[in-house]
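*Asks:* Sequence and predicted structure are below.
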Amino acid sequence: MRFFVDTADIAAIRELHELGMVDGVTTNPSLILKSGRDIAEVTREICEMVPGPVSAEVVASDAEGMIREGKHLAEIAPNVTVKVPLTWDGLKACKALTDEGHMVNVTLCFTPAQAILAAKAGATFISPFIGRLDDIGLDGMELIADIRRIYDNYGYETNLLAASIRSVNHIIECARIGADVITAPPAVIKAMANHILTDKGLDQFNADWAKTGQKIGL
């Protein structure tokens, strides 16, 4: 399962990338706002650091505008993935852009029906949102499982990119189900290293080592 990091924070991306934890990056208008950077400038810098797909999102609401913006974003770097919303116009833009050889990430997916349409339109990635479904009392992981099953049934080549990930448990469940990719905030990815028993064991080892009075390599 590939790890994409969901941020436009260059320092956070660099830290994870240096550890081999970043296979790609996803951004959106909210993350660009949070970065305080120009979209073209920060996307270019991310693409120079990370060789994998880097999603940059269009903001137009009509297909013609999305296609125009998508082509502009794709010119930033060869590894830019144009991100479009899962609307009818977004599907039109997806088909047009993929027909021209561009990678497309169809985002804001909340139903298996939407995921089928994105695959039929040639999407490179489909981004179902787990956390936002959980927020309204539905089961986001059920959506991931449904899309995985449907895509496998019919051999769709669209990559299942699980998004709106809020916890380590979301990541583990995605791995069990067989998501192709997860995208998560840096803090959630880093939290995968944490466990109370690891901390407790380390404290005990350190306390016992201190009692030996020894030092290593000094």
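*Replies:* Here it is on my side, so go on. Residues are numbered from 1 along each chain as shown.
*Asks:* ok, A63 touching A93?
*Replies:* Yes: the criterion here is C-beta atoms under 8 Å, and A63 meets it with A93 at 4.9 Å. Where you see a C-beta, it was placed from the backbone N, CA and C, and this is true even at glycine.
*Asks:* What mean pLDDT does the helix or strand in which K200 is found get?
*Replies:* Applying DSSP states H and E as the criterion places K200 in helix 196-212. Across helix 196-212, pLDDT averages out at 98.
*Asks:* Next up, phi/psi of the most centrally placed residue in the chain, please.
*Replies:* Nearest to the geometric centre of the chain sits T183, at 2.4 Å (C-alpha atoms, centre = their mean). Main-chain torsions, T183, degrees, to the nearest 10: phi -120, psi 130.
*Asks:* One more: I172?
*Replies:* Per degrees, to the nearest 10, the backbone of I172 is at phi -60, psi -40.
*Asks:* same thing with N28?
*Replies:* Taking degrees, to the nearest 10, you get phi -150, psi 170 for the backbone angles of N28.
*Asks:* isn't H102 right up against H72?
*Replies:* No: look at H102 against H72 with C-beta under 8 Å: they stay out of range, at 11.2 Å.
*Asks:* Which one's more surrounded, those two?
*Replies:* H102 (19 against 15; other C-beta atoms under 10 Å).
*Asks:* where's the more buried one relative to I189, distance?
*Replies:* Using C-beta to C-beta, to the nearest Å, H102 is found at 27 Å from I189.
*Asks:* Could you do R148 as well?
*Replies:* The gap separating R148 from I189 is 21 Å, by C-beta to C-beta.
*Asks:* Looking at the two now, which is surrounded by more residues?
*Replies:* A direct count of neighbours by other C-beta under 10 Å for R148 and I189 places I189 higher, at 24 against 20.
*Asks:* hmm, who's touching the one helix or strand the more buried one maps to?
*Replies:* Using DSSP H and E, I189 sits within helix 186-191. Here helix 186-191 makes contact (C-beta atoms under 8 Å, 6 or more residues apart in numbering) with 3, 5, 7, 9, 12-13, 15-16, 21, 165-168, 170-171.
*Asks:* Thanks a lot, see you next time.
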